[in-house]
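[1] Following is a predicted model, sequence given first.
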Amino acid sequence: MTGILFICKPLIVFRDAYTLRLANERDLAVARAQQLELQMQEMEKLNRLKDDFLSTVSHELRSPLSNIKMATRMLTIALDQLDLLAQSTGMTDTPISRYIHILQQETEQELNLINDLLDIQRIQAETYSLELSLIQVSTWIPKLVEPFQLKIEENNQALNLNVPSDLPDFWSDSQALSRIFSELLNNACKYTPPEEQITITATVQRPNGTDPYSRMILEICNTGVTIPLEEQEQIFNPFYRIPQSDRWRSGGTGLGLALVKKFTSLLGGQVEVSSISEEVCFRILLPMKDIEAISGE
């Protein structure tokens, strides 16, 4: 009997130690989980504070900047009436003209930044209202391209349009889609070297085994540049700019591609980027649903 007790005691001690170790590990895991939850709550709180701060500041700055823009416009008219701008004689390169131009340019840039911030806040807060209309792509794209023609010529770039005339119309928000398209084309103009190509293509992807919808595919590609793979994962983040990518120092808010992604998601689509062999391509894939299906979502 004594021998049996001698054998069992070490087993009991071993089991007690194992149970204690499991309990300690469980308690440690629980404590870590609670700490992680507290950290997540704190991060969410900080994000809300950041969003509230950006929204408040943007609203507060928008009004005075709009007033400055209007006052600059009225000042330009008044100075021109006094022949102080010399616009009637074509002598626009005067000190006053340069100062007015700088004031207009900087005010417009700050207003664009504020409007971009407000749009991001509205999309994130799910308060951005879509206004759907029937878009005729074959005529819609050429109209959007027109304001960029002069910039493309000045930059000595070549523009190719591959937009078939028989593309079907589809329902979407014209303003949101225009923001997406204009931002991508503006980037293409900004970063494409002289004598390189900018190509705009519109096609329709028909339903297949993995996708029950037809999709409108809008693609903007430009040659002469490459976006490294590690940068492609970050370019849609707000305020992110690829180091040393702006060869002409055109400036920008760093919010353009973030808005492209958010607007595309808002329209139920996807945005893709690829870059190989000195070429960058952005593809926007938008579902071609009927108006009843969209309204019911």
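    Yep, it's here.
[2] And the residue nearest the centre of the chain, how far from Ile68?
    In the chain, the residue lying closest to the centroid (CA atoms, centre = their mean) is Ala258, at 2.1 Å. In this structure, Ala258 and Ile68 are 26 Å apart, going by CB to CB, to the nearest Å. In this view, the C-beta of every residue, glycine as well, is placed from N, C-alpha and C.
[3] just for this protein, where's the confidence low?
    Residue ranges of the chain with pLDDT under 70: 1-18, 46-55, 57-59, 86-93, 242-253, 289-297.
[4] hey, where'd the helices end up in it?
    Applying DSSP state H to the chain gives helices spanning 2-81, 95-124, 137-145, 149-154, 174-191, 229-232, 256-266, 291-295.
[5] circling back to that earlier point, who's in contact with the closest residue to the residue nearest to the centre of the chain other than its chain neighbours?
    Of all residues not flanking Ala258 in the chain, Pro238 sits nearest, at 4.3 Å (CB to CB, 6 or more residues apart in numbering). With contacts defined as CB atoms under 8 Å, 6 or more residues apart in numbering, Pro238 is in contact with 120, 254-255, 258.
[6] Farthest pair within those residues?
    Spatial extent of these (CB to CB) is set by the pair Ile120 and Gly254 at 11.6 Å.
[7] With neighbour numbers in mind, choose between the two.
    Ile120 (21 against 16; other CB atoms under 10 Å).
[8] what's the domain layout of this protein?
    By the assignment in automatic domain parsing, the chain contains the domains 1-128, 132-295.
[9] Packed most tightly, which of those domains would that be?
    domain 132-295 (a mean of 16; mean count of other CB atoms under 10 Å).
[10] surely Glu183 meets Lys262?
    No - the criterion here is CB atoms under 8 Å, and Glu183 misses it with Lys262 at 11.2 Å.
[11] And the contacts of stretch 133-152?
    158-159, 161, 163-174, 177-178, 181-182, 185-186, 189, 198, 200, 202, 216, 218.
[12] next one: stretch 271-281
    With CB under 8 Å, 6+ apart as the test, stretch 271-281 has contacts from 180, 188, 191, 219-229, 232, 235-236, 260-261, 264, 282-285.
[13] can you rerun that using 6 Å?
    For stretch 271-281, the surrounding residues in contact (CB atoms under 6 Å, 6 or more residues apart in numbering) are 221-227, 232, 260-261, 264, 282-284.
[14] Looking at those residues, which is nearest Asn115?
    Nearest to Asn115 out of those is Val260 (CB to CB; 14.7 Å).
[15] How much space separates that closest one from Ile114?
    Counting by CB to CB - Val260 and Ile114 are separated by 18 Å.
[16] before we move on, what about Gly268?
    Distance of Gly268 to Ile114, given as CB to CB: 27 Å.
[17] cool, and Ser182?
    18 Å.
[18] now do Pro238
    Using CB to CB, Pro238 is found at 14 Å from Ile114.
[19] re the thing from before, for the helices of the chain, could you give me TSV that also reports distance to Asn208?
    Below are the helices of the chain laid out as TSV (distance: least, CB to CB, whole Å):
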stretch	distance to Asn208
helix 2-81	38
helix 95-124	29
helix 137-145	21
helix 149-154	35
helix 174-191	24
helix 229-232	26
helix 256-266	20
helix 291-295	18
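[20] Ok, which of these comes nearest Pro207?
    Of all those, helix 291-295 comes closest under CB to CB, at 13.5 Å.
[21] need the contact list for Leu111.
    Leu111 makes contact with Leu65, according to CB under 6 Å, 6+ apart.
[22] could you redo the last one with a cut-off of 7 Å?
    Leu111 is in contact with 65, 69, counting by CB atoms under 7 Å, 6 or more residues apart in numbering.
[23] just use 7 as the starting number from now, easier for me
    Got it, first residue is 7 now, which makes that one Leu117.
[24] how close does it get to Leu67?
    Distance from Leu117 to Leu67, by CB to CB: 9 Å.
[25] likewise Pro170?
    Going from Pro170 to Leu67 by CB to CB gives 44 Å.
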